[in-house]
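Undergrad: the sequence and its predicted three-dimensional model are supplied below.
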Amino acid sequence: MLQIITGKFFKKEERHKSNRKAVFFSNYGCICPIETCIGTLEPVDSHTITTWVFSYVNQREKEGGNFEIVSSGDDEIVEQFRRLAIFGLRAYFASQRHEVEHYCRQTKTSITDDSIPSQMLDRYFTVGLRGYNEDPESFQKLVEKTLSLKRERYLATMAALGTFCSALEATSTSLDLAYSMLIYVLESLAHGFDGYEPTWGDYEDNVRKPLDSVLASIPVETSLPIRTALLKSSHLRLMKRFLCFVETHTDDSYFIRGAEGIDGAIRKSEFARALKNAYRIRSGYVHELKPIVSQLRIPAISRQDAFRWRQEPYFTVSGLVRLISHVLNNFIERGESMIHEDVNWRTQLPGIVTLNMAPQYWIHDAASFSPEEANHRYRAFLEHLAANIRLKKPLLDLTSLMETIERYLNEANDRQKTAMLCLYVVCNFYRPVELRRPNWERVLKDYETLLDTCCIETFSARLAIGANLEWDFQACSQCFEEYDRARFGRSATHIPALFEIAMMAAVANKALAEGKNEAHVSYLQKAILDSPGLIEIQSILREALHNGTNVDCQELLFGKLELLQASSSQQSSQAMPEKPLTG
């Protein structure tokens, strides 16, 4: 949000501008205001804890119209500037005085308080910290450069700064967590901006060597694509990516000018080894909750840059903070600056949540229909059908959509045709006879082969209209199991949960009819566990399980209602299709 109010994404000069102020408290103090390209940070008093006022202009591009939001996102603006202030001025800033008092405490607050940030980190939590003369200018440059970054890099920087500030705060409660979070900061940037390309040699020996043995017997023209595919699908050598990124963004100044006055500064020859040890400590804590090296908890050691134990160099928390400061500054400085950038900033405003629109608002729109989204439209209609019949509400008029489907049938592939046909038959079945599409039975007859195939669409369509399932248990079971394995894929047909439960019950019925008692029990138990909170439905399923009887799938879907009466108050009586799905 802080970058949005710079106006670099706006295309119009007309703006809504609102002057805003926010109050910070900090252990950092100076006598002069700090001017930045986005706002002014001005000291109000200068005591052990200084009160600061941040003044800025929240601006939005004018959109026109009778109603406009003229200002938003102030909380996020203030928080992002706070992160920059903590990082750039190397001090602690907070919106509440007591937070600064707590994190900058000099003594324990209780017998369980064994981690005092001010004893672990130099400067960030030093009480009564006075700024250097060069601080305002360096902070101005940092803010200006950060806000000029391309949007993707800016968002990554802000996310890293957020975790960095949280890690500093975590030193007050858990050094183990704080240490790992500091590694997360570098990892997050390494994964998105390292440009690392894995090689076959990156596989661990215990994985690579067996694969090499197998692939050795295959011609090179065959084995090479296999290796390429494996490399594309695997997150190889996370540690190596981490090391490459950090080393690339660490220049010689880190060991020369940046190490001046640093106690126990890390040596260049130890640097890579210390990075590996830090990564291993992070992995041990994340996967096994292993604590950090115990000596790193001692304040006198932790304030140093690095600690050596049994010939191994280890970064301290203070050392990691200095490293991140160096790496992140280089990451920001090396980023491309842009005065203007084409970004859909409105979708990135805080407080915006994207949700699926309810079916009744869009499934009838024939103009937006295409064969590619037939499965999605069919699923939404089933959801609309089940909800409205249970509530005895009329169904939407999909006449225009039915006409569109008739035009598209010859252009679609078989999978798309099946979804369109199932939507077509279920929709027509629940319409009054006089309002059904002319010759709809003939349309279905032309595609009888597709409709006779057992698949998730035809299975659910038969359940929707109460038609018989002419397939045996094996076909029905295989159909549902294939759906269950693939249902989370983006291209898969997603059936509403109520229909999934009814399908499991239908497969259980088939198992009972063929004397497959174990399968009958298994499918009913699975259906029960997949119906959490649906007491009525679970009761029906439990009764069938207890008595060894069939489940009324129509009752599961639509409740104890007369289907034709419930589907629409305007519907006339109609008979079930003589042959499933053919009218």
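TA: Noted; the coordinates are in hand. This is a predicted model, so every value here is computed, not measured.
Undergrad: so where do the strands sit in the chain?
TA: 15-26, 28-29, 34-35, 39-43, 50-61, 93-94, 129-130, 306-309, 312-315 (DSSP state E).
Undergrad: name the residues that touch the second one?
TA: With Cβ atoms under 8 Å, 6 or more residues apart in numbering as the contact definition, strand 28-29 has outside contacts at P43, S46, H47, T50, L89, A91, Y92, F93, G128, L129, R130, G131. Yep, even glycine has a C-beta here, placed from its N, CA and C like the rest.
Undergrad: sheet partners, orientation included, of that strand?
TA: strand 129-130 (parallel) (DSSP bridges).
Undergrad: cool, the fifth one as well?
TA: Take DSSP bridges as the rule and strand 50-61 pairs in its sheet with strand 15-26 (antiparallel), strand 39-43 (antiparallel).
Undergrad: got TSV for those strands, with mean pLDDT, distance to T449 and mean neighbour count too?
TA: Putting the strands paired with strand 50-61 into TSV (pLDDT from 0 to 100; distance: least, Cβ to Cβ, whole Å; neighbours: other Cβ atoms under 10 Å) gives the following:
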stretch	mean pLDDT	distance to T449	mean neighbour count
strand 15-26	93	61	16
strand 39-43	94	69	19
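Undergrad: among those strands, which is nearest S531?
TA: Comparing these by their distance to S531 (Cβ to Cβ), the top pick is strand 15-26, with 49.5 Å.
Undergrad: and that closest one, how far from the chain's centre?
TA: 30 Å (Cα atoms, centre = their mean, to the nearest Å).
Undergrad: for V23, list each beta-bridge partner.
TA: V53.
Undergrad: run a quick neighbour tally on the nearest residue to H340 once chain neighbours are set aside.
TA: Excluding its sequence neighbours, the residue lying closest to H340 (Cβ to Cβ, 6 or more residues apart in numbering) is K8, at 5.7 Å. Neighbourhood size, K8 [other Cβ atoms under 10 Å]: 17.
Undergrad: and K8, how far is that from L149?
TA: Between K8 and L149 the distance is 10 Å, computed by Cβ to Cβ, to the nearest Å.
Undergrad: give me the common contacts of the two.
TA: Contacts common to K8 and L149, judged by Cβ under 8 Å, 6+ apart, are M338.
Undergrad: pLDDT weak spots in the stretch 101-250 of the chain?
TA: 192-198, 200-205, 231-237 (pLDDT under 70).
Undergrad: what's the answer for the chain, then?
TA: For the chain (pLDDT under 70), the answer is 65-66, 192-198, 200-205, 231-237, 560-583.
Undergrad: so which of the strands of the chain comes closest to C454?
TA: Proximity to C454, assessed across the strands of the chain by Cβ to Cβ, is greatest for strand 50-61 (54.5 Å).
Undergrad: on that earlier part again, which two of the contacts of strand 28-29 have the greatest separation?
TA: H47 and L89 (17.1 Å).
Undergrad: who has more neighbours, the two?
TA: Between H47 and L89, L89 has the larger neighbour count (other Cβ under 10 Å), namely 24 against 8.
Undergrad: surely the more buried one meets F139?
TA: Yes: assessed by Cβ atoms under 8 Å, L89 is found in contact with F139 at 5.8 Å.
Undergrad: what about P359, neighbour count?
TA: Neighbours around P359, by other Cβ under 10 Å: 20.
Undergrad: 29 is where my numbering starts, stick with that
TA: All right, first residue 29 from here; so that's P387.
Undergrad: OK, contacts around it?
TA: Contacts of P387 (Cβ under 8 Å, 6+ apart): A408, F409, E411, H412.
Undergrad: try it again with 10 Å
TA: Taking Cβ atoms under 10 Å, 6 or more residues apart in numbering, we find P387 in contact with R405, R407, A408, F409, L410, E411, H412, L413, A415, N416, L424, P524.
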